[in-house]
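Asker: Predicted model and sequence follow; I will ask about them next.
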Amino acid sequence: MTETADVVIIGSGIVGSSVAYHLAQAGCTNVLVVERETHQGKGSTGKSMGGVRAQFSTPVNIQMSRYSIDFFSRFDEVVGHPADYRAHGYVFCATTENHLAYLKANRERQIALGVTNVQWVSPEDIVKMVPQLRVDDILGGTFCPTDGFVDPHSVMMGFMLNARERGARLWLDTQVTGIDVEDDQITGVQTSRGPISTRIVVNAAGAWAAAVAKMTSTELPVEPLRRQLVPTEPFNQLPKRFPMVIDMSTGFHFRREGKGILLAWNDPDETPGFKTEFDSTFVEKILTHAASRVPCLAEAEVNPRRAWAGLYEMTPDHHAIIGPAPNVRELYFVNGFSGHGVMHSPASGRVTADLIMQGHSDLIDASQLSVERFKEGKLLEETAVL
Ligand SMILES: Cc1cc2nc3c(=O)[nH]c(=O)nc-3n(C[C@H](O)[C@H](O)[C@H](O)COP(=O)(O)OP(=O)(O)OC[C@H]3O[C@@H](n4cnc5c(N)ncnc54)[C@H](O)[C@@H]3O)c2cc1C
(Lines give C-alpha, C1' and ligand atoms only; values in the text may rest on other atoms or scores of the structure.)
Protein backbone atom coordinates (compact mmCIF):
# COMPACT_ATOMS: atom_id res chain seq x y z
CA MET A 1 0.00 0.00 0.00
CA THR A 2 1.26 3.49 -0.83
CA GLU A 3 2.36 5.49 2.20
CA THR A 4 0.44 8.73 2.74
CA ALA A 5 1.28 11.92 4.62
CA ASP A 6 -0.30 15.35 4.93
CA VAL A 7 3.14 16.93 4.52
CA VAL A 8 6.43 15.48 3.25
CA ILE A 9 9.59 17.31 4.31
CA ILE A 10 12.67 16.62 2.19
CA GLY A 11 15.77 16.82 4.41
CA SER A 12 16.12 16.26 8.16
CA GLY A 13 18.79 18.86 8.99
CA ILE A 14 18.11 21.57 11.55
CA VAL A 15 15.70 23.36 9.18
CA GLY A 16 13.60 20.34 8.15
CA SER A 17 13.49 19.27 11.81
CA SER A 18 12.29 22.71 12.90
CA VAL A 19 9.56 22.68 10.25
CA ALA A 20 8.43 19.24 11.52
CA TYR A 21 8.40 20.56 15.10
CA HIS A 22 6.45 23.71 14.27
CA LEU A 23 3.92 21.79 12.16
CA ALA A 24 3.39 19.33 15.02
CA GLN A 25 2.95 22.26 17.41
CA ALA A 26 0.29 23.66 15.10
CA GLY A 27 -1.56 20.33 15.18
CA CYS A 28 -0.29 18.90 11.89
CA THR A 29 1.27 15.59 12.94
CA ASN A 30 0.83 13.40 9.85
CA VAL A 31 4.22 14.58 8.67
CA LEU A 32 6.86 12.40 7.03
CA VAL A 33 10.46 13.63 6.95
CA VAL A 34 12.60 11.93 4.30
CA GLU A 35 16.39 11.90 4.71
CA ARG A 36 18.79 10.16 2.35
CA GLU A 37 21.57 9.72 4.91
CA THR A 38 21.58 6.95 7.52
CA HIS A 39 21.52 9.53 10.29
CA GLN A 40 20.61 13.16 10.77
CA GLY A 41 23.14 16.01 10.65
CA LYS A 42 25.37 14.80 7.83
CA GLY A 43 24.64 17.93 5.76
CA SER A 44 25.63 21.47 6.78
CA THR A 45 24.05 21.24 10.23
CA GLY A 46 26.74 18.88 11.50
CA LYS A 47 29.48 21.21 10.20
CA SER A 48 28.23 24.48 11.66
CA MET A 49 30.03 26.78 14.07
CA GLY A 50 26.82 27.12 16.08
CA GLY A 51 26.89 30.92 16.23
CA VAL A 52 23.65 32.84 16.87
CA ARG A 53 23.37 36.60 16.65
CA ALA A 54 20.89 39.41 16.28
CA GLN A 55 23.54 41.79 14.94
CA PHE A 56 22.37 41.87 11.32
CA SER A 57 21.79 44.75 8.95
CA THR A 58 18.36 44.03 7.41
CA PRO A 59 15.05 44.16 9.29
CA VAL A 60 13.97 40.67 8.24
CA ASN A 61 17.18 39.04 9.47
CA ILE A 62 17.01 41.00 12.74
CA GLN A 63 13.38 39.92 13.23
CA MET A 64 14.19 36.27 12.50
CA SER A 65 17.11 36.40 14.96
CA ARG A 66 15.07 38.07 17.66
CA TYR A 67 12.44 35.33 17.56
CA SER A 68 15.08 32.61 17.30
CA ILE A 69 17.33 33.78 20.13
CA ASP A 70 14.37 34.15 22.46
CA PHE A 71 13.34 30.63 21.41
CA PHE A 72 16.85 29.24 22.08
CA SER A 73 16.84 30.82 25.54
CA ARG A 74 13.68 28.79 26.37
CA PHE A 75 14.43 25.78 24.14
CA ASP A 76 15.15 23.21 26.88
CA GLU A 77 11.89 24.00 28.68
CA VAL A 78 9.69 24.38 25.58
CA VAL A 79 11.07 21.55 23.43
CA GLY A 80 12.05 19.26 26.30
CA HIS A 81 15.60 18.68 25.02
CA PRO A 82 18.81 20.73 25.43
CA ALA A 83 19.98 23.38 22.94
CA ASP A 84 23.13 24.27 24.91
CA TYR A 85 22.50 27.99 24.30
CA ARG A 86 25.41 30.02 25.71
CA ALA A 87 24.84 33.78 25.79
CA HIS A 88 28.51 34.73 25.53
CA GLY A 89 27.86 37.56 23.07
CA TYR A 90 29.33 38.68 19.75
CA VAL A 91 31.66 41.67 19.56
CA PHE A 92 32.22 43.33 16.18
CA CYS A 93 35.52 45.24 16.07
CA ALA A 94 35.69 48.21 13.67
CA THR A 95 38.98 49.42 12.22
CA THR A 96 37.68 52.14 9.84
CA GLU A 97 35.23 55.03 10.01
CA ASN A 98 33.13 53.17 7.43
CA HIS A 99 32.86 50.17 9.76
CA LEU A 100 31.79 52.48 12.59
CA ALA A 101 29.11 54.14 10.45
CA TYR A 102 27.89 50.70 9.37
CA LEU A 103 27.70 49.40 12.95
CA LYS A 104 25.95 52.60 14.05
CA ALA A 105 23.26 52.26 11.37
CA ASN A 106 22.83 48.56 12.17
CA ARG A 107 22.58 49.21 15.90
CA GLU A 108 19.88 51.85 15.39
CA ARG A 109 17.90 49.39 13.25
CA GLN A 110 18.43 46.57 15.77
CA ILE A 111 17.21 48.74 18.67
CA ALA A 112 14.20 49.97 16.66
CA LEU A 113 13.26 46.33 16.09
CA GLY A 114 13.44 45.47 19.78
CA VAL A 115 17.02 44.22 20.14
CA THR A 116 17.69 46.89 22.74
CA ASN A 117 20.77 45.42 24.38
CA VAL A 118 23.31 46.07 21.59
CA GLN A 119 25.99 48.24 23.17
CA TRP A 120 28.73 50.51 21.85
CA VAL A 121 32.11 49.36 23.10
CA SER A 122 35.44 51.19 23.14
CA PRO A 123 38.80 49.53 22.43
CA GLU A 124 39.31 49.52 26.23
CA ASP A 125 36.03 47.63 26.72
CA ILE A 126 37.07 45.13 24.06
CA VAL A 127 40.44 44.55 25.74
CA LYS A 128 38.65 43.81 28.98
CA MET A 129 36.78 41.00 27.20
CA VAL A 130 39.89 39.61 25.48
CA PRO A 131 43.10 41.10 26.94
CA GLN A 132 45.28 39.34 24.33
CA LEU A 133 43.62 41.14 21.38
CA ARG A 134 45.69 43.71 19.48
CA VAL A 135 43.53 46.88 19.53
CA ASP A 136 45.95 49.58 18.31
CA ASP A 137 43.92 49.97 15.08
CA ILE A 138 40.46 49.24 16.57
CA LEU A 139 38.25 52.33 16.76
CA GLY A 140 35.36 50.74 18.66
CA GLY A 141 32.62 48.24 18.07
CA THR A 142 29.30 46.78 19.11
CA PHE A 143 28.57 44.02 21.59
CA CYS A 144 25.31 42.13 22.07
CA PRO A 145 25.33 39.96 25.21
CA THR A 146 22.47 37.69 24.11
CA ASP A 147 24.26 36.68 20.92
CA GLY A 148 26.23 33.49 21.43
CA PHE A 149 26.27 29.82 20.53
CA VAL A 150 24.09 26.72 20.46
CA ASP A 151 24.85 23.08 19.80
CA PRO A 152 23.37 22.61 16.28
CA HIS A 153 23.17 18.83 16.60
CA SER A 154 21.27 19.05 19.90
CA VAL A 155 18.86 21.62 18.48
CA MET A 156 18.18 19.48 15.41
CA MET A 157 17.67 16.35 17.52
CA GLY A 158 15.46 18.24 20.00
CA PHE A 159 13.18 19.54 17.26
CA MET A 160 12.91 16.11 15.63
CA LEU A 161 12.46 14.11 18.84
CA ASN A 162 9.70 16.44 19.97
CA ALA A 163 7.97 16.24 16.56
CA ARG A 164 8.23 12.44 16.61
CA GLU A 165 6.82 12.30 20.14
CA ARG A 166 3.76 14.03 18.65
CA GLY A 167 3.43 11.64 15.71
CA ALA A 168 5.75 12.91 12.94
CA ARG A 169 7.72 10.16 11.19
CA LEU A 170 11.32 10.12 9.95
CA TRP A 171 12.56 7.90 7.14
CA LEU A 172 16.35 7.69 7.15
CA ASP A 173 18.48 6.18 4.36
CA THR A 174 15.79 7.21 1.86
CA GLN A 175 16.49 9.43 -1.13
CA VAL A 176 13.77 11.54 -2.72
CA THR A 177 14.10 10.92 -6.46
CA GLY A 178 11.05 12.72 -7.85
CA ILE A 179 8.03 14.88 -7.07
CA ASP A 180 4.76 14.06 -8.90
CA VAL A 181 2.70 17.00 -10.11
CA GLU A 182 -0.66 16.93 -11.92
CA ASP A 183 -2.29 20.18 -13.12
CA ASP A 184 0.20 22.22 -11.06
CA GLN A 185 -0.78 20.34 -7.88
CA ILE A 186 1.52 17.96 -6.02
CA THR A 187 0.19 14.41 -5.83
CA GLY A 188 3.13 12.53 -4.39
CA VAL A 189 6.83 12.00 -3.85
CA GLN A 190 8.99 9.23 -5.28
CA THR A 191 11.66 7.82 -2.99
CA SER A 192 14.19 5.00 -2.94
CA ARG A 193 11.86 3.30 -0.41
CA GLY A 194 8.75 3.65 -2.56
CA PRO A 195 6.16 6.32 -3.36
CA ILE A 196 4.44 8.58 -0.84
CA SER A 197 1.04 10.08 -1.56
CA THR A 198 0.88 13.71 -0.40
CA ARG A 199 -0.36 17.13 -1.50
CA ILE A 200 2.16 19.25 0.40
CA VAL A 201 5.95 19.13 0.08
CA VAL A 202 8.61 21.18 1.89
CA ASN A 203 12.03 21.45 0.30
CA ALA A 204 14.49 21.55 3.24
CA ALA A 205 17.36 19.99 1.31
CA GLY A 206 20.04 22.53 2.33
CA ALA A 207 22.86 22.94 -0.20
CA TRP A 208 21.14 20.36 -2.44
CA ALA A 209 17.87 22.34 -2.62
CA ALA A 210 18.28 23.43 -6.26
CA ALA A 211 18.41 19.78 -7.41
CA VAL A 212 15.23 19.01 -5.45
CA ALA A 213 13.52 22.10 -6.97
CA LYS A 214 14.52 20.87 -10.44
CA MET A 215 12.29 17.83 -9.83
CA THR A 216 9.35 20.18 -10.50
CA SER A 217 11.23 22.19 -13.15
CA THR A 218 11.60 25.10 -10.71
CA GLU A 219 14.70 27.28 -10.74
CA LEU A 220 15.96 27.88 -7.21
CA PRO A 221 19.03 30.15 -6.98
CA VAL A 222 20.84 28.28 -4.20
CA GLU A 223 24.54 27.48 -4.67
CA PRO A 224 26.87 25.46 -2.45
CA LEU A 225 29.95 27.34 -1.18
CA ARG A 226 32.65 25.63 0.85
CA ARG A 227 33.31 26.97 4.31
CA GLN A 228 36.24 25.77 6.45
CA LEU A 229 36.79 25.82 10.21
CA VAL A 230 40.03 25.24 12.10
CA PRO A 231 40.08 24.23 15.78
CA THR A 232 43.29 24.68 17.74
CA GLU A 233 44.64 22.14 20.19
CA PRO A 234 44.01 23.03 23.88
CA PHE A 235 45.04 26.66 24.30
CA ASN A 236 45.08 28.39 27.69
CA GLN A 237 46.49 31.79 26.73
CA LEU A 238 42.99 33.18 26.03
CA PRO A 239 40.20 33.51 28.65
CA LYS A 240 38.03 30.50 29.42
CA ARG A 241 34.95 32.49 28.39
CA PHE A 242 34.80 35.32 25.88
CA PRO A 243 32.44 36.44 23.08
CA MET A 244 32.68 35.58 19.42
CA VAL A 245 35.17 38.23 18.23
CA ILE A 246 34.84 39.55 14.67
CA ASP A 247 37.78 41.42 13.18
CA MET A 248 36.05 43.57 10.57
CA SER A 249 39.35 44.38 8.83
CA THR A 250 39.62 40.80 7.52
CA GLY A 251 36.41 38.99 8.51
CA PHE A 252 38.48 36.66 10.73
CA HIS A 253 36.48 35.55 13.78
CA PHE A 254 36.99 33.14 16.61
CA ARG A 255 35.47 31.73 19.76
CA ARG A 256 36.30 29.26 22.47
CA GLU A 257 35.46 25.63 21.74
CA GLY A 258 36.12 23.46 24.80
CA LYS A 259 39.81 23.75 25.70
CA GLY A 260 40.79 25.09 22.28
CA ILE A 261 39.81 27.97 20.03
CA LEU A 262 37.68 27.66 16.90
CA LEU A 263 39.00 29.83 14.05
CA ALA A 264 36.86 30.95 11.10
CA TRP A 265 37.44 33.06 8.04
CA ASN A 266 35.54 33.46 4.82
CA ASP A 267 38.13 32.92 2.07
CA PRO A 268 37.25 35.36 -0.75
CA ASP A 269 38.99 33.05 -3.26
CA GLU A 270 36.55 30.20 -2.58
CA THR A 271 34.41 29.26 -5.59
CA PRO A 272 30.96 27.60 -5.64
CA GLY A 273 30.72 23.81 -5.84
CA PHE A 274 30.08 20.68 -3.80
CA LYS A 275 33.56 20.68 -2.23
CA THR A 276 33.58 19.17 1.22
CA GLU A 277 37.26 18.18 1.50
CA PHE A 278 39.30 20.34 3.88
CA ASP A 279 42.11 22.14 2.02
CA SER A 280 45.20 22.01 4.24
CA THR A 281 46.66 25.19 2.65
CA PHE A 282 43.82 27.05 4.40
CA VAL A 283 45.53 26.55 7.78
CA GLU A 284 48.39 28.89 6.98
CA LYS A 285 46.03 31.53 5.57
CA ILE A 286 43.80 31.57 8.62
CA LEU A 287 46.68 31.45 11.10
CA THR A 288 48.15 34.57 9.47
CA HIS A 289 44.91 36.47 10.17
CA ALA A 290 44.68 34.96 13.65
CA ALA A 291 48.22 35.90 14.68
CA SER A 292 47.84 39.39 13.28
CA ARG A 293 44.82 40.13 15.49
CA VAL A 294 45.73 37.92 18.47
CA PRO A 295 49.54 37.65 18.52
CA CYS A 296 49.60 34.78 21.05
CA LEU A 297 47.61 32.62 18.60
CA ALA A 298 50.88 32.30 16.64
CA GLU A 299 51.78 29.77 19.35
CA ALA A 300 48.57 27.75 18.99
CA GLU A 301 48.97 24.21 17.69
CA VAL A 302 46.73 23.05 14.89
CA ASN A 303 46.19 19.52 13.67
CA PRO A 304 44.78 19.86 10.11
CA ARG A 305 43.16 16.44 10.44
CA ARG A 306 40.81 17.89 13.08
CA ALA A 307 39.80 20.80 10.81
CA TRP A 308 36.74 20.42 8.60
CA ALA A 309 34.79 21.82 5.67
CA GLY A 310 31.08 22.06 4.95
CA LEU A 311 28.74 23.90 2.63
CA TYR A 312 26.98 27.23 2.95
CA GLU A 313 23.79 27.39 0.84
CA MET A 314 24.18 30.78 -0.83
CA THR A 315 21.54 32.92 -2.53
CA PRO A 316 22.36 35.97 -4.67
CA ASP A 317 21.29 38.39 -1.89
CA HIS A 318 22.46 36.30 1.09
CA HIS A 319 18.92 35.94 2.45
CA ALA A 320 16.87 32.80 2.86
CA ILE A 321 14.15 31.77 0.42
CA ILE A 322 11.01 30.93 2.39
CA GLY A 323 7.58 30.42 0.89
CA PRO A 324 5.58 28.75 -1.85
CA ALA A 325 6.91 27.87 -5.29
CA PRO A 326 5.51 30.07 -8.07
CA ASN A 327 4.65 27.24 -10.46
CA VAL A 328 3.45 24.36 -8.24
CA ARG A 329 0.74 24.59 -5.60
CA GLU A 330 1.67 23.46 -2.07
CA LEU A 331 5.40 23.19 -2.72
CA TYR A 332 7.28 25.24 -0.12
CA PHE A 333 10.90 26.33 -0.02
CA VAL A 334 12.88 26.87 3.17
CA ASN A 335 16.34 27.20 1.72
CA GLY A 336 19.38 29.35 1.00
CA PHE A 337 20.30 30.50 4.50
CA SER A 338 23.70 31.74 3.32
CA GLY A 339 25.45 30.83 6.58
CA HIS A 340 22.59 31.54 9.02
CA GLY A 341 20.49 28.38 8.90
CA VAL A 342 21.27 27.25 12.43
CA MET A 343 20.57 30.58 14.10
CA HIS A 344 17.42 31.15 12.06
CA SER A 345 16.08 27.60 12.35
CA PRO A 346 13.39 28.42 14.96
CA ALA A 347 12.01 31.34 12.91
CA SER A 348 12.21 29.57 9.56
CA GLY A 349 10.38 26.50 10.90
CA ARG A 350 7.70 28.68 12.47
CA VAL A 351 7.20 30.82 9.33
CA THR A 352 7.00 27.76 7.06
CA ALA A 353 4.47 26.06 9.34
CA ASP A 354 2.43 29.30 9.47
CA LEU A 355 2.40 29.53 5.67
CA ILE A 356 1.29 25.91 5.31
CA MET A 357 -1.37 26.09 8.01
CA GLN A 358 -2.68 29.67 7.60
CA GLY A 359 -1.30 31.02 4.33
CA HIS A 360 0.53 33.86 6.13
CA SER A 361 2.81 34.48 9.09
CA ASP A 362 2.60 37.27 11.61
CA LEU A 363 6.24 36.77 12.59
CA ILE A 364 7.64 38.44 9.45
CA ASP A 365 6.34 39.65 6.11
CA ALA A 366 7.27 36.39 4.37
CA SER A 367 6.60 37.78 0.91
CA GLN A 368 10.02 39.53 1.14
CA LEU A 369 11.69 36.11 1.19
CA SER A 370 9.75 34.65 -1.72
CA VAL A 371 11.78 33.13 -4.56
CA GLU A 372 10.05 35.52 -6.95
CA ARG A 373 12.05 38.45 -5.57
CA PHE A 374 14.94 37.46 -7.85
CA LYS A 375 12.79 37.63 -10.97
CA GLU A 376 11.20 40.88 -9.80
CA GLY A 377 14.56 42.45 -8.90
CA LYS A 378 13.52 42.96 -5.23
CA LEU A 379 16.76 41.76 -3.70
CA LEU A 380 17.52 42.22 0.01
CA GLU A 381 21.24 42.71 0.43
CA GLU A 382 22.65 41.45 3.76
CA THR A 383 26.19 42.67 4.25
CA ALA A 384 26.71 41.25 7.73
CA VAL A 385 27.59 37.77 6.39
CA LEU A 386 30.37 35.97 8.25
C1 LIG B 1 31.53 25.41 8.36
C2 LIG B 1 30.15 25.97 8.56
C3 LIG B 1 29.91 26.85 9.62
C4 LIG B 1 28.63 27.37 9.81
N5 LIG B 1 28.41 28.19 10.89
C6 LIG B 1 27.14 28.64 11.13
C7 LIG B 1 26.88 29.43 12.28
O8 LIG B 1 27.78 29.73 13.07
N9 LIG B 1 25.59 29.82 12.49
C10 LIG B 1 24.57 29.50 11.63
O11 LIG B 1 23.44 29.90 11.86
N12 LIG B 1 24.81 28.75 10.53
C13 LIG B 1 26.06 28.32 10.26
N14 LIG B 1 26.31 27.56 9.15
C15 LIG B 1 25.21 27.33 8.20
C16 LIG B 1 24.29 26.25 8.71
O17 LIG B 1 25.03 25.13 9.09
C18 LIG B 1 23.28 25.89 7.61
O19 LIG B 1 22.66 27.07 7.12
C20 LIG B 1 22.20 24.96 8.17
O21 LIG B 1 22.78 23.84 8.78
C22 LIG B 1 21.25 24.53 7.06
O23 LIG B 1 20.41 23.53 7.59
P24 LIG B 1 19.51 22.67 6.63
O25 LIG B 1 18.69 21.79 7.48
O26 LIG B 1 18.81 23.58 5.67
O27 LIG B 1 20.55 21.88 5.72
P28 LIG B 1 21.35 20.52 6.01
O29 LIG B 1 21.78 20.40 7.41
O30 LIG B 1 22.39 20.43 4.95
O31 LIG B 1 20.23 19.40 5.78
C32 LIG B 1 19.73 19.12 4.49
C33 LIG B 1 19.45 17.64 4.44
O34 LIG B 1 18.78 17.31 3.23
C35 LIG B 1 19.16 16.02 2.85
N36 LIG B 1 18.83 15.84 1.42
C37 LIG B 1 19.29 16.56 0.37
N38 LIG B 1 18.76 16.09 -0.77
C39 LIG B 1 17.95 15.05 -0.43
C40 LIG B 1 17.13 14.15 -1.19
N41 LIG B 1 17.04 14.23 -2.52
N42 LIG B 1 16.43 13.19 -0.53
C43 LIG B 1 16.51 13.10 0.84
N44 LIG B 1 17.28 13.91 1.59
C45 LIG B 1 17.99 14.88 0.97
C46 LIG B 1 20.66 16.03 3.14
O47 LIG B 1 21.17 14.71 3.27
C48 LIG B 1 20.73 16.80 4.45
O49 LIG B 1 20.74 15.96 5.59
C50 LIG B 1 27.57 27.02 8.93
C51 LIG B 1 27.81 26.14 7.87
C52 LIG B 1 29.08 25.61 7.69
C53 LIG B 1 29.32 24.66 6.56
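Answerer: Yep, that arrived.
Asker: where along this protein do the helices fall?
Answerer: Chain-ordered helices for the chain, with DSSP state H as the definition, fall at 14-25, 59-79, 97-112, 123-129, 152-165, 209-214, 281-293, 345-358, 372-376.
Asker: what is the mean pLDDT for the fifth one?
Answerer: The average of the pLDDT scores along helix 152-165 is 98.
Asker: Check the first one too.
Answerer: Averaging pLDDT along helix 14-25 gives 98.
Asker: can you give me how far it is from the chain middle?
Answerer: Using CA atoms, centre = their mean, to the nearest Å, the mean C-alpha position of helix 14-25 is found 15 Å from that of the whole chain.
Asker: Could you tell me which residues of this structure lie near the ligand?
Answerer: Residues of the chain lying near the ligand by CB under 6 Å from any ligand atom: 10-16, 34-37, 42-45, 47-51, 175-176, 204-208, 212, 227, 229, 310-313, 337, 339-343. For the C-beta atoms, the positions are set from N, CA and C on the backbone; glycine is no exception.
Asker: Select, out of the helices of the chain, the one closest to K240.
Answerer: Of all the helices of the chain, the one in closest proximity to K240, counting by CB to CB, is helix 123-129 (12.4 Å).
Asker: who touches that closest one?
Answerer: Here helix 123-129 makes contact (CB atoms under 8 Å, 6 or more residues apart in numbering) with 91, 93, 121, 133, 135, 138-141, 143, 239, 242-243, 245.
Asker: Let's see which of those end up in strands.
Answerer: Counted as lying in strands by DSSP state E, out of those, are 91, 93, 121, 140-141, 143, 245.
Asker: Now that we have the contacts of helix 123-129, which of them are buried?
Answerer: Buried by 16 or more other CB atoms under 10 Å: 91, 93, 121, 133, 135, 138-141, 143, 242-243, 245, out of the contacts of helix 123-129.
Asker: So what's the predicted local confidence for the residue positioned nearest the centre of the chain?
Answerer: Note on the chain: the residue nearest the mean C-alpha position is G341, at 1.8 Å, using CA atoms, centre = their mean. As predicted, G341 sits at a pLDDT of 98.
Asker: Look up the closest residue to it, ignoring the ones flanking it.
Answerer: With CB to CB, 6 or more residues apart in numbering as the criterion, G341 has its nearest non-adjacent residue at 5.6 Å, and that residue is V15.
Asker: Isn't that neighbour up against R350?
Answerer: No: between V15 and R350 there is no contact under CB atoms under 8 Å: 11.5 Å.
Asker: Show me which strand runs longest in this structure.
Answerer: Ranking each strand of the chain by length (DSSP E) puts strand 223-231 first.
Asker: For that strand, the averaged confidence score.
Answerer: According to the model, strand 223-231 has a mean pLDDT of 98.
Asker: packing partners for it?
Answerer: Using 3 or more CB pairs under 8 Å, 6 or more residues apart in numbering; DSSP states H and E as the contact definition, the elements that strand 223-231 packs against are strand 260-264, helix 281-293, strand 308-314.
Asker: which one of the ones you listed lies closest to D365?
Answerer: Across the helices and strands packed on strand 223-231, the minimum distance to D365, taken as CB to CB, is reached by strand 308-314, at 22.1 Å.
Asker: what does the closest one contact?
Answerer: With CB under 8 Å, 6+ apart as the criterion, strand 308-314 contacts 43-44, 46-48, 206-207, 209, 222-229, 272, 274-279, 335-339, 341.
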